[in-house]
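# how does the following fold in three dimensions:
(one chain, ligands or ions: 1)
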Amino acid sequence: MIDKEIEEWNNVLKWLEEKHPGFESNLSLRDLPGLERGMTASKDLKKGETLLHIPSTCMLNPLTLLPNSLIPSHLFPQSVSRNNPNDSTTPISKKARMEKGRKLDTTQLLTLHLALTKDSKNRYKSNWKEYIESLPKTFRPWHPLTWVVSPILTQKENVPQVEWKWFNHLYDIGLSQAAKLKVQDVKKRFDEEYEILVEVLTEEEPFKSQNLVESIDKEVILWAWLNVNTRSISIPLGLPSPSERNNHTLVPIMDFINHSSNEKIVTPRVKQVPTASSRIRKLSMSTKSNGSKSDIALPSPPLTTNNGNTTMGLRKADQHLLPNKIDFKLVCQDNGLKKDEEVFFEYGGHSSSTLFAEYGFCEIPVVPEEDGWLNMKYGEVDLTHYVSELWENQNEEDKEEKKQVLEDIGCWGGNTIHCQPSPVHPSHSLLMTLRLIHLPSNSPKLTNISRGLVTYVSPANENSTMMTLESILKKVIKDSQKRHKSLKKLVKYPEPENGKILTSQQIGIIKMLCSMCDEEQILSQSLLERIESGVVDFP
Ligand SMILES: C[S@@+](CC[C@H](N)C(=O)[O-])C[C@H]1O[C@@H](n2cnc3c(N)ncnc32)[C@H](O)[C@@H]1O
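Have a look, this model is predicted:
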């Protein structure tokens, strides 16, 4: 197994070296049993030395795919002007899709490309074959999306039902309401994309005549979709909004780098630099570049990017980045790297529950004690579920009016508590939501609140707000302790009906979920103590 992975890794390197001039790497694959696959320094490296240079030609996105694909070109996302007012993030109905002419966004197109490589008759060969073979082979059983997508349809492929039931049960008993909401959100996105791709396979030629919908089943699409969603990097491709759905790419090698938010160990952010050959062409071009500064700095998920300072000796005026002519470059951080030290970068400012729902892991502090959690850069507890319960008790008219006010001041949603900047505090949105919940119907203060002129309502309102926050925090702690206990029980008493000892992977996942309980309890307890000691002057 490990030999196979090393062979696949060597094939990718060979492919990059032979077919993609400009590729440079000082990274090696770390593939040890029990450890997450990752990238390490191949030798001692000093500040500023190149860790990795990935040419634009080897990236997998609609622009590189268009001349190299059997997917009909009319399905590709259209390169139109930005900020098209008709673009929307709302999914459109099948009828509307047909009337407008079917188009796939980048996520869907890349998912389709990966899925087509699994055609049993091998009709869809990919120029990225070596890269695709290096991708994770399956996301079952560890990615939480797979815990809520039943493998029933794939029984023919012998996906073990017993294992799925165990993970589905784990989802029920081991996830906080906040994490469940986020996993459900991922599922909703997957279900929508799946429906669209089935339509494409069923109705578009040549897929329709080839009856491809039979050979590319849901399990294949799930595999492809999760690869795209857990591994792509934002980049300005000049494709229409919503940008986070269109302007991203798969990037060989770079997508083997794991996440950390620890500033002491992460490399400087990924730099986007002009593809070497594009510099000459670019200087003689009179057309306007699509790569404005704001495009380049686009911080959209899954992985953050930054142009940093452009390198390659270009003058400031020449620093345009052209879609499809952008390389990625990683350079060594200030304190250098020792040979075999792991290389990380930050995927984005994500909380544990977001990392878990989207990528299937969460970050655990080096010292997983109280201080460790309180010092995490993105430490957070999401109270949405508890606030929604209170919100439901408001009368309908109140709800509408207050929701509008919260939207006006940008405080609708975001009911979280945070540990940075220290000490633990509620978000402004959470405070404003609780203050409004305690505001009498038709209060004259609503107008000034909606104009952003007033945030503090009255001592009595603040008192009620703090009491509610206290009671929510107590509930969070209680629920989290209960969940922690159930998780511990799972490890202690493995499933009686199959009598099997848990695998190390199952135990690892339970430990991760227990850590998320620790984070919830430590942050909530810390805020509770602040409130109980009389700190009520939150801004
Ligand atoms: C972009 S890939 C990184 C490479 C990946 N480890 C691999 O084997 O191909 C993202 C995935 O890596 C894993 N990952 C990334 N950072 C991690 C971390 N700090 N701890 C555990 N798993 C991590 C998660 O499974 C995530 O979905």
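# going forward, measure contacts between C-alpha atoms and count neighbours the same way
Noted.
# which residues touch the closest residue to the ligand within the stretch 401-539 of the chain?
When scored by Cα to the nearest ligand atom, the stretch 401-539 of the chain has Met512 as its residue closest to the ligand, at 9.7 Å. Listed by Cα atoms under 8 Å, 6 or more residues apart in numbering, the contact set of Met512 reads 361-362, 364.
# tell me the residues of the chain that contact the ligand?
36-38, 230-231, 255-260, 359-361, 363 (Cα under 6 Å from any ligand atom).
# out of the residues you listed, list just those in strands.
Under the assignment DSSP state E, the residues of the chain next to the ligand contribute 38, 258-259 to strands.
# by neighbours, which of those residues wins?
Gly38 (21 neighbours; other Cα atoms under 10 Å).
# and the pLDDT at that residue?
On pLDDT, Gly38 comes in at 95.
# do I have it right that it meets Ile257?
Yes - counting by Cα atoms under 8 Å, Ile257 is a contact partner of Gly38 at 5.5 Å.
# common neighbours of those two, please.
Common neighbours of Gly38 and Ile257 (Cα under 8 Å, 6+ apart) are Val343.
# who does the helix or strand where Glu130 lies touch, helix- and strand-wise?
Assigned by DSSP states H and E, Glu130 falls within helix 129-133. The helices and strands touching helix 129-133, judged by 3 or more Cα pairs under 8 Å, 6 or more residues apart in numbering; DSSP states H and E, are helix 2-19.
# just how off-centre is the helix it packs on within its chain?
Centroid displacement of helix 2-19 relative to its chain, using Cα atoms, centre = their mean, to the nearest Å, is 26 Å.
# which helices and strands does it pack with?
helix 129-133.
# any buried residues in the helix it packs on, and which?
Neighbour counts over helix 129-133 (16 or more other Cα atoms under 10 Å) mark 130-132 as buried.
# what sits up against that helix?
Outside helix 129-133, the residues within contact range by Cα under 8 Å, 6+ apart are 8, 11-12, 15, 114, 252.
# pretty sure Val491 is touching Leu502, no?
Yes - using Cα under 8 Å, Val491 is in contact with Leu502, at 7.3 Å.
# dump the contacts of Met512 into JSON lines; add neighbour count and pLDDT as well.
Shown next, in JSON lines, are the contacts of Met512 (neighbours: other Cα atoms under 10 Å; pLDDT from 0 to 100):
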{"residue": "Phe361", "neighbour count": "19", "pLDDT": "97"}
{"residue": "Cys362", "neighbour count": "22", "pLDDT": "96"}
{"residue": "Ile364", "neighbour count": "17", "pLDDT": "95"}
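# host element of Thr465?
Using DSSP H and E, Thr465 falls in helix 459-492.
# and that helix, how far out from the chain middle?
For helix 459-492 - counting by Cα atoms, centre = their mean - the centre lies 27 Å from the chain centre.
# counting neighbours, what do you get for the residue nearest to Pro368 when sequence neighbours are not counted?
Closest residue to Pro368 apart from its sequence neighbours, by Cα to Cα, 6 or more residues apart in numbering: Ser515 at 8.0 Å. Applying other Cα under 10 Å, we find 21 residues neighbouring Ser515.
# just Asp518 next, same as before
There are 20 residues near Asp518, going by other Cα under 10 Å.
# can you state the direction angle for the host helix or strand of it and helix 459-492?
Assigned by DSSP H and E, Asp518 belongs to helix 504-532. Angle of helix 504-532 versus helix 459-492, following axes from the mean of the first three to the mean of the last three Cα atoms, to 10 degrees, is 160 degrees.
# closest to Leu52 out of the contacts of helix 129-133?
When those are ranked by distance to Leu52 (Cα to Cα), Pro252 comes first, at 10.7 Å.
# isn't that closest one right next to Cys58, touching?
Yes - the pair Pro252 / Cys58 is scored as a contact, 7.2 Å apart, by Cα under 8 Å.
# need the per-residue pLDDT for the residue nearest to Pro368.
Reported pLDDT for Ser515: 97.
# which residues in the stretch 251-400 of the chain form strands?
258-259, 271-274, 326-331, 344-345, 380-382 (DSSP state E, counting those that start in this stretch).
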